[in-house]
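Enquirer: what's the 3D shape of this:
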Amino acid sequence: MRAPLYPAGAPAARTRAERFDAVVLEALEPIEDRWGAELEELDVAVDDVPDVAAAGPDDDGVVGDGEIPLARLVPAGVDRRGAPTRARIVLYRRPLEVRALDGEDLADLLHDVLVEQVAEYLGVEPDTIDDAEE
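Expert: Numbers count the residues shown, from 1 in each chain. Modelled structure (predicted):
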């Protein structure tokens, strides 16, 4: 007999990816509250793992832990079809989860990575972003 252990709407029934997305939104909220107008042209995305063949850790806009990228700022540009693309921060879920000891540590790590990436996008020091939240 196979059936879900929890009802579909219960928090315990969410996948790891869904729980991660919720922590990302929570970590991003205070930054957006303060810098919302400046971040209107910026998207935040989550990938499971980085494509290390496409972008090495020495590339601009990459926040990493040694050789493993944790996040990447992708500038606005043009895609293969010639359509304009928006700037986006890509967070890599698995490398971030592996480095976190628990849920609170993950939230702190995500906050730090988002502060660095938003500062890079805005061309300011990370302390400027962090100070604005206090």
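Enquirer: please count neighbours and contacts with C-alpha atoms only from this point.
Expert: Will do.
Enquirer: L122: what's it in contact with?
Expert: Applying CA atoms under 8 Å, 6 or more residues apart in numbering, we find L122 in contact with E38.
Enquirer: what's the one helix or strand in the chain whose mean pLDDT sits lowest packed up against?
Expert: Of all helical and strand segments in the chain, the minimum by mean pLDDT, DSSP states H and E falls on strand 62-65, at a mean of 76. Here strand 62-65 touches strand 68-74, helix 103-122, going by 3 or more CA pairs under 8 Å, 6 or more residues apart in numbering; DSSP states H and E.
Enquirer: that strand pairs with which strands?
Expert: strand 68-74 (antiparallel) (DSSP bridges).
Enquirer: just how off-centre is the next helix or strand after the partner strand within its chain?
Expert: Once the chain leaves strand 68-74, the next helix or strand it forms, by DSSP states H and E, is strand 77-78. Distance of strand 77-78 from the chain centroid (CA atoms, centre = their mean, to the nearest Å) equals 20 Å.
Enquirer: packing partners of strand 77-78?
Expert: Here strand 77-78 touches strand 84-85, going by 3+ CA pairs under 8 Å, 6+ apart.
Enquirer: name the residues that touch the following helix or strand past the strand it packs on?
Expert: Per DSSP H and E, the first helix or strand lying C-terminal to strand 84-85 is strand 87-92. Residues from elsewhere that reach strand 87-92, judged by CA under 8 Å, 6+ apart: 41-50, 69-77, 117.
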